[in-house]
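Visitor: Here you go, sequence then predicted model.
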Amino acid sequence: MPSSDNATHIVRVPRQERTQMAAILIVEDDMLICELAGMMISDWGHDVILAGDADEALSVIKSARLVDLLFTDIYLKAAIFGGCKLAQQAVRLRPNLPVIYTTGNSITEALKAQFVAGSRFVRKPYAAAQLQGFITDALPS
């Protein structure tokens, strides 16, 4: 059952069940989508950190917590800034952090120009296999 608050959540998969060991920060203001993506990604063997807004995500990025990939919605409701600015700040703090953006809304060339270099984009609704491929490609081998 999705939680109704915006608290940061960590989903852990027991070590013996992991096939990969990446820590993925998911930033999504719709907690149902956030938790569903988190469950899907943790099923693939990753540790998942869920954040309901950019402020929570930046707190995680600024902490000593391991983050191997940022997966962020572009349009975050009730946020001073959205996923593009979040990713820019995250990469400034962690220069080699891979970023995957997502949205179900249309995106313009002007918006794409704000994407951090080397980032990827997956449109909602995304298929599990599609997202898994993007994550695999984005993570260092």
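Guide: Perfect, thanks for sending it. Numbering: from 1, shown residues only.
Visitor: beta partners for the residue nearest the centre of the chain?
Guide: With distances taken as CA atoms, centre = their mean, the chain has Phe71 as the residue nearest its mean C-alpha position (1.9 Å). Phe71 has these beta-bridge partners by DSSP bridges: Ile26, Ile100.
Visitor: quick one: it from Thr102, how far?
Guide: 7 Å (CB to CB, to the nearest Å). C-betas here are computed from N, CA, C, even on glycine.
Visitor: What of Asp137?
Guide: Distance from Asp137 to Thr102, by CB to CB: 15 Å.
Visitor: out of those two, which sits in the more crowded spot?
Guide: Set side by side, Asp137 and Thr102 show more neighbours around Thr102, with 24 against 11, by other CB atoms under 10 Å.
Visitor: I figured the more buried one hits Pro125, correct?
Guide: No. With contacts counted by CB atoms under 8 Å, Thr102 stays clear of Pro125, the gap being 9.6 Å.
Visitor: circling back: which residues touch the residue nearest to the centre of the chain?
Guide: By CB atoms under 8 Å, 6 or more residues apart in numbering, the contact set of Phe71 is 24-27, 37, 41, 99-100, 102, 135.
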